[in-house]
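Trainee: sequence plus predicted model, see below.
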Amino acid sequence: MEKQGRPVIASQFGTGRVLTDAMTIRRKVFMIEENVSEKDEIDGRDDRCLHYVFYVDNWYPVSTARIYLIGKNVWHIGRVATLKTFRGRGYARQILKRIEKKCRVKKYKKNLSWKLKFMRSLFMKALVTKLLETFFSMQASNIGGWKNY
């Protein structure tokens, strides 16, 4: 392990400290922020996954991802999450670069479906946010009753 205080990306297969730290992040991001049920988040695959965690400031876990085999030399990347106060700093990107480098060295193929799901979820969040903003601005302009159109 590197010197304390320096950013570190640690990886570990199956259970152990890295999984424990990854689960701390995943609980905060997926279960608390996103309201994902514990049943959906804890899918029983973690003991067969390679987990990555990005640590800052004396081993404080802030970002995570996992990969697992879905076919002959085909890995699925999933459960990519970063704590809210640490987003926008490129920590998840660095984890994904590390995973891609490892896959390239081992000649693994990537399953890109996670990218499509991620982009779809971002689009849906933006759409819902815009719809709610429009609805509430209409509500504010109609104080005193609904207008008949």
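Mentor: Noted; the coordinates are in hand.
Trainee: who's in contact with residue 15?
Mentor: Contacts of residue 15 were listed using CB atoms under 8 Å, 6 or more residues apart in numbering, and they are 46-47. All C-beta spots, glycine's among them, are computed from the backbone N, C-alpha and C.
Trainee: name the element it belongs to?
Mentor: For residue 15, there is no host helix or strand (DSSP states H and E).
Trainee: quick check: phi and psi on it?
Mentor: phi -90, psi 160 (degrees, to the nearest 10).
Trainee: pull out the buried positions in stretch 71-91.
Mentor: Buried residues in stretch 71-91, defined by neighbour count with 16 or more other CB atoms under 10 Å: 75-83, 86, 91.
Trainee: so which of the residues you listed are in helices?
Mentor: The helices, defined by DSSP state H, take in residue 91 from the buried residues of stretch 71-91.
Trainee: ok, residue 64 touching residue 83?
Mentor: No - Residue 64 is not in contact with residue 83 according to CB atoms under 8 Å; the separation is 9.3 Å.
Trainee: list residues touching both of those two?
Mentor: With CB under 8 Å, 6+ apart, residue 64 and residue 83 have common neighbours residue 25.
Trainee: from the buried residues of stretch 71-91, pick the one nearest residue 55.
Mentor: When these are ranked by distance to residue 55 (CB to CB), residue 91 comes first, at 9.5 Å.
Trainee: list the residues that contact the closest one.
Mentor: Contacts for residue 91 (CB under 8 Å, 6+ apart) come out as 7, 54, 56, 62-63, 82.
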